[in-house]
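**Student:** Below is the sequence, then the predicted model.
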Amino acid sequence: MPEAASRLQSFAEQLLGVPLPMRIRAWDGSQAGPPGAPTLVIRNRRALRRLLWKPGELGLARAWVAGDLDIEGDFYAALDLLSGLVWERGEDARSLAETLREPGARAAVGGLVKMAGLPVPPSPPREEVPRLRRRRHTRGTDKRAVSHHYDVGNDFYGLVLGPSMVYSCAYWETPDGTTTLEDAQRDKLDLICRKLALTPGLRLLDVGCGWGSLAVHAAREYGVQVVGVTLSQEQAAYARKRVADEGLTDRVEIRVEDYRDVSDGPFDAVSSVGMAEHVGSEQYLAYARELYALLKPGGRLLNHQIARRPQSDEDAYSLDGFIDAYVFPDGELAPVGTTVTQLERAGFEVRDVESIREHYALTLRQWVTGLEADWARAQQLAGPGRARVWRLYMAASALAFEHNRLGVNQVLAVRTSGSGASGMPLRSRAWN
């Protein structure tokens, strides 16, 4: 009987209709595929059962998180190859239904079923968020989604993010590694403060304040009064200690509060950095209107947000299966044009849009390096499955930004006065 790896290679190529560009090592120690290519390690037959019961991305994700699958060799190159096979095959790729009409493909599936063993669907890894029939983006569901992602443990985030504890795209001076992650994050925080034209005595609302990095920077370097809101208890505890350690308790207040419940406006400026992705398309206009109402006339909003590419049929957009199940439950991305339109519908005048897509790819690669550098401790802090989720999500996201499948933009908007005055300088790029 042929070894397992050779049989798996043959079945995969029959189903995909193209040669398999990766090497395979199966549970029996056998190997097949191009020498020197990244290796997909199939540790047990349960990996096959996961793929048969959930073909495509979710089945692969479950097998990866559970440790049934692994990758050896260049991790980024392997993900690029898998992306080409599973996610980015283009218009010429055959659908699964079309493929299964072919006798060879049906035979391949039958062969995989025999190899997989017990015809029982494996339970999903415990890190997977159960999908329930419920309304998304209520106060309660948003709080649970935020807790799933951010209440992993501050020590784990510190290992990944480094001392800055900034969980959003850094702002790099050069791509060659001469700038440190810490410096690039400081430059990003300073860029936001300058775009918002912060000066001593102004009030800043930081929506989704994370671990307090922007709030502390704005108060310490620009002398502003800051209210930071987050739904994460762990973030708030960390941020409050940080504020106290910096001696800024008279200038910074950190609250566990939904942005929809902030009632002590108006503010001179509002920052929303890496938070709007949690809002959802149905709530986005209401979110924009809430922030507009919280600003004084002439006040500025800096909205820093990940964007996806537009689709020919926007109604067909669906949440990414892996991200929704393991990373950001209920997270939704929109094209930057949609974001700008919604902000304008809420009353804002959009004054500047800066794409910093390449900066996020550099940032994510640094985070992956930090995670991998202390992998044993990462698994101890978050659990092996959660650590594997993070490694896959961050590395795959880095590639998505590099290949322009995702973008990230800083949108600067103003609530103009009744007469239409914006208070903006004539040369609005003065911060560069």
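**Tutor:** Everything's here; your move.
**Student:** Could you report the neighbour count for the nearest residue to G274 once chain neighbours are set aside?
**Tutor:** Leaving out its chain neighbours, the residue that sits closest to G274 by CB to CB, 6 or more residues apart in numbering is S168, at 3.9 Å. Bear in mind the C-beta positions are built from the backbone N, C-alpha and C, glycine included. Using other CB atoms under 10 Å, S168 is surrounded by 23 other residues.
**Student:** Quick one: residues contacting S168.
**Tutor:** Taking CB atoms under 8 Å, 6 or more residues apart in numbering, we find S168 in contact with 188, 210, 273-274, 304.
**Student:** Any of these buried? List them.
**Tutor:** By neighbour count, with 16 or more other CB atoms under 10 Å, these hold 188, 210, 273-274, 304 as buried.
**Student:** biggest separation within those residues, which pair?
**Tutor:** Using CB to CB, the buried ones among the contacts of S168 reach their maximum pairwise distance at K188 and G210, which is 12.5 Å.
**Student:** shared neighbours, these two?
**Tutor:** In contact with both K188 and G210: 166, 168, using CB under 8 Å, 6+ apart.
**Student:** for the stretch 101-250 of the chain, what are the low-confidence residue spans?
**Tutor:** Along the stretch 101-250 of the chain, segments meeting pLDDT under 70 span 101-106, 131-151.
**Student:** And for W172, nearest residue in space, chain neighbours not counted?
**Tutor:** Closest to W172 by CB to CB, 6+ apart is A184, at 4.8 Å.
**Student:** One more: I192?
**Tutor:** Spatial nearest neighbour of I192, chain neighbours left out: L302 (5.3 Å); criterion: CB to CB, 6+ apart.
**Student:** Name all residues that make contact with the one you found.
**Tutor:** Here L302 is in contact with 192, 195-196, 269-273, 410-412 (CB under 8 Å, 6+ apart).
**Student:** Please repeat the previous calculation with a cut-off of 6 Å.
**Tutor:** 192, 195-196, 271, 412 (CB atoms under 6 Å, 6 or more residues apart in numbering).
**Student:** Just the ones of those in helices?
**Tutor:** In helices, judged by DSSP state H, the following of the contacts of L302 are found: 192, 195.
**Student:** Reformat the contacts of L302 as a markdown table; add neighbour count and distance to P125.
**Tutor:** Below are the contacts of L302 laid out as a markdown table (neighbours: other CB atoms under 10 Å; distance: CB to CB, whole Å):
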| residue | neighbour count | distance to P125 |
| --- | --- | --- |
| I192 | 25 | 37 |
| K195 | 23 | 41 |
| L196 | 23 | 42 |
| S271 | 29 | 35 |
| L412 | 23 | 41 |
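**Student:** Which pair of the contacts of L302 spans the longest distance?
**Tutor:** Top of the distance list for the contacts of L302 (CB to CB): S271 and L412, 10.5 Å.
**Student:** secondary structure class for W64?
**Tutor:** What DSSP: H, G, I helix; E, B strand; the rest coil gives for W64 is helix.
**Student:** Quick one: residues contacting D187.
**Tutor:** Y171.
**Student:** what about it, helix or strand, and which?
**Tutor:** helix 181-195 (DSSP states H and E).
**Student:** Heading C-terminal from that helix, find the next helix or strand.
**Tutor:** strand 203-207.
**Student:** Let me know whether my guess that V227 is in a strand holds.
**Tutor:** Yes. Assessed by three-state DSSP, V227 belongs to a strand.
**Student:** Next, count neighbours for it.
**Tutor:** V227: 22 neighbours (other CB under 10 Å).
**Student:** Tell me the bridge partners for it.
**Tutor:** Taking DSSP bridges, one finds L205, E253 as the beta-bridge partners of V227.
**Student:** for A396, phi and psi?
**Tutor:** With angles defined as degrees, to the nearest 10, A396 sits at phi -60, psi -40.
**Student:** That one and L52: what is the separation?
**Tutor:** Using CB to CB, to the nearest Å, A396 is found at 23 Å from L52.
**Student:** tell me the contacts of the residue nearest to W172?
**Tutor:** A184 sits next to 170-172 when contact means CB under 6 Å, 6+ apart.
**Student:** Switch these over to CSV; also include distance to G423 and neighbour count.
**Tutor:** Shown next, in CSV, are those (distance: CB to CB, whole Å; neighbours: other CB atoms under 10 Å):
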residue, distance to G423, neighbour count
A170, 29, 27
Y171, 24, 22
W172, 30, 25
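**Student:** Secondary structure added to those residues, as TSV?
**Tutor:** Output for the contacts of A184, formatted as TSV (three-state DSSP):
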residue	secondary structure
A170	coil
Y171	coil
W172	coil
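**Student:** ok, these vs D320, which is closest?
**Tutor:** Distances from D320 to the contacts of A184, taken by CB to CB, are shortest for A170, at 23.2 Å.
**Student:** Distance check, the closest residue to that closest one other than its chain neighbours against I356.
**Tutor:** Leaving aside its sequence neighbours, A170 sits nearest to A184 (CB to CB, 6+ apart; 3.6 Å). Per CB to CB, A184 is found 11 Å from I356.
**Student:** repeat for I254
**Tutor:** From I254 to I356 the distance is 26 Å (CB to CB).
**Student:** and the two? which has more neighbours close in?
**Tutor:** Between I254 and I356, counted using other CB under 10 Å, I254 has the larger neighbour count: 26 against 20.
**Student:** Tell me how far that one lies from N303.
**Tutor:** Taking CB to CB as the measure, I254 falls 21 Å from N303.
**Student:** for E277, same thing?
**Tutor:** Taken as CB to CB, the span from E277 to N303 is 11 Å.
**Student:** higher neighbour count, these two?
**Tutor:** N303 (25 against 17).
**Student:** With respect to T230, which of the contacts of S168 is nearest?
**Tutor:** G210 (6.5 Å).
**Student:** for the closest one, helix, strand, or coil?
**Tutor:** Here G210 is recorded as coil under three-state DSSP.
**Student:** Now E173. Nearest residue, chain neighbours left out?
**Tutor:** T179 (4.8 Å).
**Student:** Over to G153?
**Tutor:** L381 (5.5 Å).
**Student:** Tell me, how many residues neighbour T39?
**Tutor:** T39 is flanked by 19 other residues according to other CB under 10 Å.
**Student:** ok, now V226?
**Tutor:** V226: 28 surrounding residues under other CB under 10 Å.
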